[in-house]
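Student: sharing a model that was predicted from the sequence below.
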Amino acid sequence: MQDFQRKQMLSSHLWVVYSLSVILLGFIWYFQWLIGLILTVVLGVSLYYSILAERKRQQDTENYIATLSHRVKRVGEEALLEMPIGIILFNDDYKIEWANPYMNRFTEDDTLVGKSLNILSDDLISRVKENNEDIWLDLDEHHFQMSIKKEERLLYLSDRTVQSDIQSRYVNEKTVLAIIFLDNYEEITQNMDDTLKSQLNSKVTSVLNSWSNDYGIFLKRTSQDRFIAVLAKEILDQLEKSKFDILDEVRELNAEQNLPVTLSIGVGAGDMALPDLGEMAQSSLDLGLGRGGDQVVIKDDAGKVRFYGGRTNPMEKRTRVRARVISHALKDLVQGSDNVIIMGHKSPDMDSIGAAIGILNIVKTNNMEGYIVLDPDDVDTGVYRLIDELKEEEELWPHFIDPEESEALVTSRSLIVVVDTHKPGMVANEKLLTKAEYKVVIDHHRRAEDFIDDPTLVYMEPYASSTAELVTELLEYQPNNLKLKMLEATALLAGIIVDTNSFTLRTGSRTFDAASYLRSKGADTVLVQRFMKEDLDVYIKRSKLIERAQIHRDTIAISKGAPDETYGSVLIAQAADTLLTMSGINASFVISERKDGRIGVSARSLGDVNVQVIMEKMNGGGHLTNAATQIEDTTMDDTESLLKDILEDYFTGGETE
């Protein structure tokens with residue numbers, strides 16, 4: 001091609017030379033005709049041979065173009081028929097009019113012509129009709145990227161199997177770090193002799209080593225109760241499919257000796273540096289332990305959190321020493337603040353208000369000013385009776401303020417104490433959390449992903465019956481210069497009684513110790529019963545709600561409120577409690593429409609069903625035996641369908657996310 005272009009340029013230059021020669025020859029003829037004659041003959045001969053050369057060049061050009069056209073046509077035919085790229089022409093009815101030989105290898109017939117596009121994939125026609133220019137298609141073991149030319153009714157299929165395999169390997173081989181912790185190792189082994197302790201360590205290590213070998217995990221014991229595991233993303237996916245059955249294996253190790261060992265596993269996964277993965281794994285473990293242990297928590301770089309396990313009732317782990325340390329730390333924070341503002345959750349119950357009153361007593365004991373945030377328009381019947389009693393107490397009632405007043409009192413050095421919740425969206429006034437530097441969280445619920453930012457002090461014990469129980473223990477280690485009043489002690493006792501359903505659920509030895517302490521301080525059990533009394537019309541309304549219950553999976557009662565009728569959260573909770581007392585019922589769920597337009601669900605169980613993890617899937621939370629949620633922009637029928645789907649997944653799987 002370059003020789004051809006050079007010849008063209010040379011020919012052009014020659015014609016320019018000939019033109020100049022003719023002009024020069026005219027001058028020579030004018031002055032020397034003899035020399036001009038000779039030069040004319042020479043120029044004519046040269047011109048003759050130049051014409052011959054030009055004709056030959058034109059002939060070569062025509063031959064070259066003809067040869068090139070043939071080669072291009074041949075290459076195009078070979079590309080169309082031989083290259084490993086699929087080409088398909090289809091008609092208006094999405095039937096194949098023509099396909100290159102490469103595509104015929106993906107059909108059992110001799111040809112694809114005349115067949116529907118759906119012969120390649122069941123939904124190919126619908127995908128072609130969409131406006132996407134590129135779609136992905138799997139044929140046999142090949143992964144194709146398909147380009148669509150709608151106007152030409154043409155499909156190009158490029159094999160991307162190798163690239164897809166490389167990408168899959170890259171994702172599957174990403175490093176995952178996990179920290180494995182024996183939840184109750186210290187509690188179980190503290191009274192064991194060396195022989196039994198060695199046997200327990202050997203059993204646990206053997207089970208974990210066998211588990212790690214089966215899945216190809218690197219496992220290293222770093223202390224008596226802690227292991228670190230390194231694995232790949234592909235292995236993590238396999239573990240999630242198995243629902244982390246290692247939790248059940250370890251739990252059953254010492255079942256005969258009635259000393260169940262449980263595991264908590266924190267997992268960090270994602271495309272990040274190893275130190276960041278380690279921090280994420282530790283954060284996951286902390287979340288799992290805060291939720292009661294015996295579960296797996298997985299965090300990834302997308303911020304998604306997944307939970308597995310957590311179906312057993314957590315063992316009591318807190319000690320008197322921890323209660324004393326927390327009490328002294330709270331005392332120091334109270335004394336170092338301008339004032340203390342206490343708040344529970346919205347629509348407060350007995351436990352929330354009782355715990356707040358207990359914290360207020362701690363504040364006054366340390367000679368500081370304290371306030372309790374309470375919205376009088378956001379309380380239920382039982383709490384109204386307690387508030388009526390509080391209004392008669394001249395020393396107590398002035399410390400109750402509404403949410404708007406609290407914003408005027410808070411300073412940067414105020415201490416915010418949140419009781420009976422740890423979710424910022426559930427507190428009485430969320431704005432206060434951003435206005436004060438120091439925050440304390442005291443709660444007995446299992447920790448959720450949503451948590452108050454940067455708390456100064458956290459006292460979360462999911463093993464406690466109620467927040468009132470925790471606050472009562474803190475009171476015992478405060479100075480005795482201010483006596484607990486009868487109404488204050490009664491409010492705390494009411495919180496314990498309501499949350500334990502009169503000492504029948506989530507009740508440990510420490511619960512009775514706290515109740516005994518409050519009784520010694522003058523708590524009036526008759527007054528508690530008066531707080532818990534209900535109106536006849538409320539009783540009838542609850543009875544009708546119970547009457548609407550239906551049995552699901554033989555042992556689960558599900559009741560749905562009447563259409564166009566609203567129910568309070570306390571009423572549906574009481575209905576769920578009542579259903580749980582029925583013969584053969586292991587769990588109960590009550591669904592109703594609330595006054596605020598949301599759909600409320602109250603859940604109860606005897607411990608065989610973890611209602612907390614079920615409610616968490618509906619953006620709620622609570623305890624293993626006591627949980628609830630509120631859902632926006634939905635109906636009772638849709639909520640019931642969602643609940644039944646979650647229950648099916650719960651009983652057929654094991655994921656608690």
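Tutor: Nice, I can see it.

Student: tell me where the stretch 401-550 of the chain has helices.
Tutor: Using DSSP state H, counting those that start in this stretch, the helices assigned to the stretch 401-550 of the chain run over residues 403-409, 432-435, 467-476, 486-499, 509-520, 525-532, 536-547.

Student: to residue 622, which of those helices lies closest?
Tutor: With Cβ to Cβ as the criterion, residue 622 lies closest to helix 486-499 of the helices of the stretch 401-550 of the chain, at 10.6 Å. C-betas here are computed from N, CA, C, even on glycine.

Student: pLDDT of that closest one, averaged?
Tutor: On average, the pLDDT along helix 486-499 is 92.

Student: which other helices and strands contact that helix?
Tutor: Counting contacts by 3 or more Cβ pairs under 8 Å, 6 or more residues apart in numbering; DSSP states H and E, helix 486-499 is packed against helix 350-365, helix 381-391, helix 467-476, helix 509-520, helix 525-532.

Student: run through who's touching the helix or strand hosting residue 178.
Tutor: Element membership of residue 178, judged by DSSP states H and E, is strand 175-182. With contacts defined as Cβ atoms under 8 Å, 6 or more residues apart in numbering, strand 175-182 is touched by 204, 208, 219, 224-233, 235-236, 261-269, 274, 277-278, 280-282, 284-285, 289.

Student: cutoff 7 Å now
Tutor: Residues outside strand 175-182 that contact it (Cβ atoms under 7 Å, 6 or more residues apart in numbering): 204, 225-233, 236, 261, 263-269, 274, 277-278, 281-282, 285.

Student: before we move on, what about stretch 571-589?
Tutor: 501, 538, 541-542, 545-546, 549, 555-559, 590, 592, 600-606, 608-609, 611, 643.

Student: quick one: terminal-to-terminal distance for it?
Tutor: Distance across stretch 571-589, first residue to last, is 13 Å (Cα to Cα, to the nearest Å).

Student: identify the residues contacting residue 604.
Tutor: 576-577, 580, 587-588, 611, 625-626.

Student: which ones among those residues are found in strands?
Tutor: The strands, defined by DSSP state E, take in 587-588, 626 from the contacts of residue 604.

Student: just the pLDDT for the closest residue to residue 429 other than its chain neighbours.
Tutor: If the residues on either side of it in the chain are set aside, residue 429 comes closest to residue 403, at 4.1 Å by Cβ to Cβ, 6 or more residues apart in numbering. For residue 403, the model assigns a pLDDT of 91.

Student: circling back: between the ones in strands among the contacts of residue 604, which is nearest residue 304?
Tutor: residue 626 (26.7 Å).

Student: just say helix, strand or coil for the nearest residue to that closest one once chain neighbours are set aside.
Tutor: Computed as Cβ to Cβ, 6+ apart, the closest residue to residue 626 that is not its neighbour in sequence is residue 604, at 6.0 Å. In three-state terms, and counting by DSSP: H, G, I helix; E, B strand; the rest coil, residue 604 is strand.

Student: what bridges to residue 604?
Tutor: For residue 604, the beta-bridge partners are residue 588, residue 626 (DSSP bridges).

Student: between the ones in strands among the contacts of residue 604, which is closest to residue 437?
Tutor: Nearest to residue 437 among these is residue 626, at 33.6 Å by Cβ to Cβ.
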